[in-house]
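In: Provided below for reference: sequence and predicted model.
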Amino acid sequence: MGTLEGAVVVVTGAGRGIGRAIAEEVGRGGAKMIINYARSQGQAEEVVARLSLDGAQTAIAIKADVSDPIEAAHLIEQTINHFGRIDVLVNNAGINIDRTIKNLSIEDWDKVIHNDLNSYFYTIKAAQPYFLQQGSGSIINISSFVGQMGNFGQANYAAAKAGIIGFTKTAALEFARSHVTVNAICPGFIETDMYTAVPEKVKEGILKRIPLGRVGTPREVARAVLYLIVDGDYITGQTLNINGGIFM
Ligand code: NAD
């Protein structure tokens, strides 16, 4: 894309954590930002206010639970109504419900698959006609190293995150002729509320498994997103690992 100036960028689940860092990093570069949130309006409005100070051309918050296909479609429609186009879609919204398979209920399985995998299809399905009509654009799906190597107690999350990788490659193949790139990013352990919720004892074990000896920051993931948007015109169907070496 070369420049962010004037680009319309949607980030799902952008009120906090990695989504927020992506919104701030990309917004600062001059893009028009859509800050999607499901529940936390206050946090999303904070990101909008921060971006307005930091030089984003425009930022607006849009409420939509992207695990609901109607709300996901509404998010894309609102983006088009507001800005007339969509240049970048970053699917980031995710949850986890961690239990061993023995204790994992059907509801826990369905909820995570719905929220973390189906939602990515819903937003892309809704945005596809606009991307293809424009003949340009970039879609970035936040997956996880857990989708590449599995993780004890995360069967539902691992399945969703692995599904995102296969879905990304297929979308990349289908959209390439319209000059729309589709890539996945697989973060390792990143310092956000999702990681803070991990028990201290488990965290000690995690640190020992990371070759670089520390967890990553949301900004380190955001910089990779920025790279794909600005300099990634010839990159598609790829999985970019930002993981301190935990999976090679
Ligand atoms: P987080 O819990 O701090 O933030 C996730 C955000 O997504 C929250 O604001 C939440 O409200 C929002 N969200 C969840 N479901 C939503 C929905 N249906 N509709 C709209 N918004 C929704 O988590 P995070 O650590 O910032 O994770 C962001 C992404 O990165 C997720 O996809 C996660 O799986 C992935 N990831 C995180 C880590 C990590 O260690 N933190 C590692 C690998 C991948």
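Out: Okay, I see it.

In: If you average pLDDT per helix and strand, which one of this structure comes out bottom?
Out: helix 193-196 (a mean of 86; mean pLDDT, DSSP states H and E).

In: can you give me the end-to-end distance of stretch 221-240?
Out: 10 Å (CA to CA, to the nearest Å).

In: thinking again about what came up before, who are the packing partners of the least confident helix or strand of the chain?
Out: Contacts defined by 3 or more CB pairs under 8 Å, 6 or more residues apart in numbering; DSSP states H and E place helix 193-196 against no helix or strand at all. For every residue, glycine as well, the C-beta is placed using N, CA and C.

In: How about that helix, which residues are buried there?
Out: For helix 193-196, a neighbour-count test (16 or more other CB atoms under 10 Å) marks M194, Y195 as buried.

In: is that helix anywhere near the ligand?
Out: Yes. With CB under 6 Å from any ligand atom as the measure, helix 193-196 is seen reaching the ligand through D193, M194, Y195.

In: Please report the distance of the first one from K63.
Out: By that I understand D193. Applying CB to CB, to the nearest Å, the value for D193 to K63 is 19 Å.

In: again with the second one
Out: For M194, the distance to K63 equals 21 Å [CB to CB].

In: in the longest strand seen in the chain, what's buried?
Out: When the chain is parsed with DSSP state E, its longest strand is strand 180-187. Of the residues in strand 180-187, V180, T181, V182, N183, A184, I185, C186, P187 count as buried by neighbour count, 16+ other CB under 10 Å.

In: and the gap between the residue in the chain sticking out farthest from the centre and G153?
Out: The C-alpha centroid of the chain is most remote from K102, which lies 29.2 Å away (CA atoms, centre = their mean). Per CB to CB, K102 is found 10 Å from G153.

In: For the ligand, tell me whether the longest strand of the chain is touching it.
Out: Yes. For strand 180-187 and the ligand, the contact criterion (CB under 6 Å from any ligand atom) is met by P187.

In: Ok, stretch 128-146 next?
Out: Yes. Interface with the ligand: stretch 128-146 contributes I142, S144 (CB under 6 Å from any ligand atom).

In: tell me which residues of that stretch are tucked away?
Out: Applying 16+ other CB under 10 Å to stretch 128-146 flags 128, 130-132, 136-146 as buried.
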